[in-house]
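Give me coordinates for this.
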Amino acid sequence: MIDSGSRPFLLEQTLPSIVNHMKFDGRLRWILHEVWIHPDLSRENLEYMSKNWPGFEIMETRNPKGQGISISKVMRTVKGKYFLHWEDDHLAVRDIPLDECYDAMEKDRLIHQIAFNKRDTMPDLPGFKKKVVKKGGINLTTSPHWRYTPALWDLRFIKKYWKPVEGHNSHWAINIILHGKKLMDADWVIKNQGTYYYGIIDEKAFCQNIGGGFSNRGEGKL
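Just a heads-up that it's a prediction; the model follows:
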């Protein structure tokens, strides 16, 4: 799923980068979810998709209620075990090793999300010291949160906890459901939440956020 919301000047940059950098030998079902915040710009997005990416499925929301609702709408149509979420303002800057991630999640059912970082992976966050582990045959670094940034999701896990939360703060609401308001340590994440960044500490960024200054969430709550 690619979240898109009336920003053709971003989508036309990011979409080719995502498709070109996605490395997977299996079958991918590509879905663009377009939120109509500014109708003329959303119409421009759909014209671009029709002309350049006819293989994509298009889903639309004319009365947006938040990113969590958009994700919920698409997730309900997914019959497979895995779901790759991306946003229209994240430019892929290196190959996304989806084959490796898929194989790792098939081998180790305690891996529930693998995120592709938008910055080089840091050793810690405020209140959370990360840990590097080898799981499913690949190196992973613990993440304290369930990420809406580019990531591969195990639907068998997250659907048990998922709530279609409206508004700006769906991401934080889902994390409160998973671990409460207090961050748990890396060992708890490994045993219970299974959320990781791909690779080791200092792993180079997989994507770049190019949407600074262009957020539509205040108007349409993408």
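
State the helix or strand in which the residue located most distally from the centre of the chain lies.
What lies farthest from the middle of the chain is Asp40; by Cα atoms, centre = their mean that is 26.2 Å. For Asp40, the host element (DSSP states H and E) is helix 39-52.

and that helix, what does it pack onto?
Applying 3 or more Cβ pairs under 8 Å, 6 or more residues apart in numbering; DSSP states H and E, one finds that helix 39-52 contacts helix 8-21, strand 31-35, strand 57-61. The C-beta positions use only the backbone N, C-alpha and C, and glycine is treated the same way.

quick one: low-confidence parts of the chain?
For the chain, applying pLDDT under 70 flags the ranges 214-222.

and if we set it to 80?
213-222 (pLDDT under 80).

quick one: the strands in it?
Secondary structure of the chain (DSSP state E): strands at 2-4, 31-35, 57-61, 82-87, 90-92, 113-115, 124-125, 128-129, 132-135, 138-142, 151-154, 195-198, 207-209.

Out of those, which gets nearest to Lys181?
Lys181 lies closest to strand 128-129 among those, at 13.6 Å (Cβ to Cβ).

Partner strands of the closest one, with direction?
strand 124-125 (antiparallel) (DSSP bridges).

So what touches the strand it pairs with?
130, 144 (Cβ atoms under 8 Å, 6 or more residues apart in numbering).

from the chain's centre, how far out does that strand sit?
How far strand 124-125 lies from its chain's middle: 20 Å, per Cα atoms, centre = their mean, to the nearest Å.

Same check on stretch 172-192?
The answer for stretch 172-192 is 18 Å, by Cα atoms, centre = their mean.

got the buried residues for it?
By 16 or more other Cβ atoms under 10 Å, the buried positions in stretch 172-192 come out as 173-175, 178-179, 183-184, 186, 189-190.

Determine how far the last residue of that stretch lies from the first.
18 Å (Cα to Cα, to the nearest Å).

Can you report how many residues neighbour Arg156?
12 (other Cβ atoms under 10 Å).

which residues sit in contact with the closest residue to it other than its chain neighbours?
Nearest residue to Arg156, sequence neighbours excluded (Cβ to Cβ, 6 or more residues apart in numbering): Lys81, at 5.9 Å. Lys81 is in contact with 154-156, counting by Cβ under 8 Å, 6+ apart.

List just the nearest of those residues to Leu28.
Closest approach between these and Leu28, by Cβ to Cβ: Leu155, at 14.9 Å.

residues touching the closest residue to that closest one other than its chain neighbours, list them.
Using Cβ to Cβ, 6+ apart and skipping the chain neighbours, the partner closest in space to Leu155 is Phe83 (5.3 Å). Contact analysis of Phe83 by Cβ under 8 Å, 6+ apart lists 1, 75, 152-153, 155.

again, only this time at 10 Å
Phe83 makes contact with 1, 29, 31, 71, 74-75, 113, 151-155, 158-159 under the criterion Cβ atoms under 10 Å, 6 or more residues apart in numbering.

swap in Leu84?
Taking Cβ under 10 Å, 6+ apart as the test, what Leu84 contacts is 1-2, 18, 22, 24, 28-31, 96, 98, 101-102, 114, 116, 150-153.

in the sheet, who's paired with it?
Going by DSSP bridges, Leu84 is paired in beta bridges with Leu152.

Relative to Leu98, how far out is it?
To Leu98, Leu84 is 7 Å away according to Cβ to Cβ, to the nearest Å.
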